[in-house]
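Novice: Here you go, sequence then predicted model.
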Amino acid sequence: MKSLYFLVDCNSFYVSCERVFKPALRNRPVVVLSNNDGNVVALSREAKELGLLPFGAPFFKVQQMVRAHGIAVFSSNYTLYGDMSRRVMETLAEFSPEMEVYSIDEAFLFFRALGADPVGYGAMMRDRVRQWTGIPVSVGVAPTKTLAKLACRIGKRDPARGGVCALVDPAGIDELLDSVDAGGVWGVGGQYREFLRKNGIRTARELRDAPDRWVRRNMTITGLRTVWELRGVSCIPLDEVPAAKKAIVSSRSFGVPVEGLADLSEAVAAYAARAAEKLRSQRCAAGSVAVFLSTNPFKEDDPQYSNGVAVRLSVPSSYTPRLIHAAVRLLGLMYRRGYRYKKAGVMLYEIMPQHDAQLDLFSRFHDTERTRRLMRTMDGVNRTQGRGALFFASEGIARQWRMRRSFLSARYTTRWDEIPAARA
DNA sequence: TCTGGGGTCCTAGGACCC
DNA sequence: TCTGGGGTCCTAGGACCC
């Protein structure tokens, strides 16, 4: 019996979420767009097989082709994807007490001593997630996380495996690693891929067999860990409890260019409020606030301006009005008239646990029990009634600047008034 | 007309200290 | 003729992930 990592990865996750509620889209090409309908960020297998759309293609450039091929299009619906993700993760959590939710559509499960046949066990996970949530997944099994990622990739690539692949036996592993490009290894991105090619390393197997000293010198300690993991030596442990964020960013592109300070202030206030909500959800306070702002760099004929400024708060805070106030003031410091702004954002950093933030009991800026109760109440209402049920007037009502979402599906699972209806 | 958002880790180099 | 040795902290930049 061996200790093993299972990586469970949802297939074309955003597309699959949309398909659960529109079964007619099964076996059809479907794409999902990024925020603001900017880029193509998810493609169904059928859309990938058309071979026309690279991941990340700007939607406006491919819109004609998308229409010509009858590809279904959706705006990002993170309310739906977040809720579907939670259901998938709850289903998986029943298989092992040791689980790391790695991203919205992936989780690692760890088994100290698995008695069962790994492929059969992975198939059971796949079937149960499908049955309970409607989401198709692929499963990779191996003694390290990096190999489990690789196994999952192979399982997806090769339909005969039914979406489950184990790299457990040393026999045959060389051929499998040789069939995967080094750039397909977790931790090897485009830059390293090119660098490796120039040095004669093209496949995962060749990377695995590269000399330690050379890897350490050229790819840092992180690269060396990756190589050891390819050899079956576990160096990247399961991270069950995600560490508190060291920085929290909330930023968006605008649906239309924004020029006036009043509109920008609304947007910045809304972003600050959202960042503060995330901050409180990890029971922390922020010591510093930064705001950044920029025009559209793709519009080369427009005058360009971008800037960012930060301030340290006299006392760390998680109180939304205080953070909004600081952010809007920073915006005023760098705002210049006569530019068409495309994007703004708020970043909170120097983050610490809320109870450590009580350094100066006499400051009039200090968060009090009263302000905390107020925020807890507000967060509670927004949790149960939907985000945005309660907000600050400074965030604006009309919100001309809000993002474009022309192809939005309903929030089927989180809003009673958007629940799907069955037709007889 | 139209190009996303949110994070982490590592290293090099400079400032400063003893 | 020919630079001291470390330690720590900070920042900027580069790489990666989804």
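Specialist: Nice, thanks for sending it over. Residues are numbered from 1 along each chain as shown, chains lettered A, B, ... in the order given.

Novice: use CA for all of it now, contacts and neighbours both
Specialist: OK.

Novice: Now the closest residue to DNA strand C within the stretch 301-424 of chain A: which helix or strand?
Specialist: Among the residues of the stretch 301-424 of chain A, A:Glu350 lies closest to DNA strand C, at 10.2 Å counting by Cα to the nearest atom of the strand. In this structure, A:Glu350 sits in strand A:341-353 according to DSSP states H and E.

Novice: now that strand, how far from the centre of its chain.
Specialist: In terms of Cα atoms, centre = their mean, to the nearest Å, the centre of strand A:341-353 is set 17 Å apart from its chain centre.

Novice: Packing partners of that strand?
Specialist: The elements that strand A:341-353 packs onto, with contact taken as 3 or more Cα pairs under 8 Å, 6 or more residues apart in numbering; DSSP states H and E, are strand A:247-258, helix A:261-281, strand A:284-295.

Novice: again, only this time at 10 Å
Specialist: Contact analysis of strand A:341-353 by 3 or more Cα pairs under 10 Å, 6 or more residues apart in numbering; DSSP states H and E lists strand A:247-258, helix A:261-281, strand A:284-295, strand A:306-317, helix A:320-334 as its packing neighbours.

Novice: Going by mean pLDDT, which of these comes out lowest?
Specialist: In terms of mean pLDDT, the lowest-scoring of the helices and strands packed on strand A:341-353 is strand A:306-317 (a mean of 90).

Novice: circling back: quick one: closest of the helices and strands packed on strand A:341-353 to DNA strand B.
Specialist: For the helices and strands packed on strand A:341-353, proximity to DNA strand B was assessed by Cα to the nearest atom of the strand; strand A:247-258 is nearest, at 2.7 Å.

Novice: Return the set of buried residues in that closest one.
Specialist: Of the residues in strand A:247-258, those buried under the neighbour-count criterion (16 or more other Cα atoms under 10 Å) are A:Ile248, A:Val249, A:Ser250, A:Ser251, A:Arg252, A:Ser253, A:Phe254, A:Gly255, A:Val256, A:Pro257, A:Val258.

Novice: which ones among the residues you listed come in contact with DNA strand B?
Specialist: When Cα under 7 Å from any atom of the strand is taken as the criterion, the members of the buried residues of strand A:247-258 that contact DNA strand B are A:Ile248, A:Val249, A:Ser250, A:Ser251, A:Arg252, A:Ser253, A:Phe254, A:Val256, A:Pro257.

Novice: could I get these as CSV with distance to A:Trp214?
Specialist: Rendered in CSV, the data for those read as follows (distance: Cα to Cα, whole Å):
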residue, distance to A:Trp214
A:Ile248, 36
A:Val249, 37
A:Ser250, 39
A:Ser251, 40
A:Arg252, 41
A:Ser253, 42
A:Phe254, 46
A:Val256, 49
A:Pro257, 49
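
Novice: Apart from its chain neighbours, what residue comes closest to whichever residue of the stretch 201-350 of chain A sits closest to DNA strand C?
Specialist: Of the stretch 201-350 of chain A, the residue with the smallest distance to DNA strand C, taken as Cα to the nearest atom of the strand, is A:Met219 at 7.9 Å. Beyond its immediate neighbours in the sequence, the residue positioned closest to A:Met219 (Cα to Cα, 6 or more residues apart in numbering) is A:Tyr192, lying 7.8 Å away.

Novice: hang on, the one you found packs against A:Thr220?
Specialist: No. Counting by Cα atoms under 10 Å, A:Thr220 is not a contact partner of A:Tyr192; they are 11.2 Å apart.

Novice: Mind checking which of those two has more residues around it?
Specialist: Set side by side, A:Tyr192 and A:Thr220 show unequal neighbour counts under other Cα atoms under 10 Å, the larger going to A:Tyr192 at 16 against 12.

Novice: Buried residues of the helix or strand that contains the more buried one, list them for me.
Specialist: Remark: A:Tyr192 resides in helix A:190-198, with elements defined by DSSP H and E. Buried residues in helix A:190-198, defined by neighbour count with 16+ other Cα under 10 Å: A:Tyr192, A:Arg193, A:Glu194, A:Leu196.

Novice: do the same with stretch A:46-53
Specialist: A:Ala47, A:Lys48, A:Leu53.

Novice: Return the alpha-carbon coordinates of it using CSV.
Specialist: What follows is stretch A:46-53 as a C-alpha-only set of coordinates in CSV (Å, rounded to 0.1, in the frame of the first residue of the first chain):
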residue,chain,number,x,y,z
GLU,A,46,-16.0,20.6,-29.3
ALA,A,47,-14.9,24.3,-29.4
LYS,A,48,-11.2,23.2,-28.8
GLU,A,49,-11.5,20.7,-31.6
LEU,A,50,-12.5,23.3,-34.1
GLY,A,51,-9.0,24.6,-33.6
LEU,A,52,-9.9,28.2,-34.3
LEU,A,53,-9.9,29.8,-30.9
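
Novice: Alright, calling it a day.
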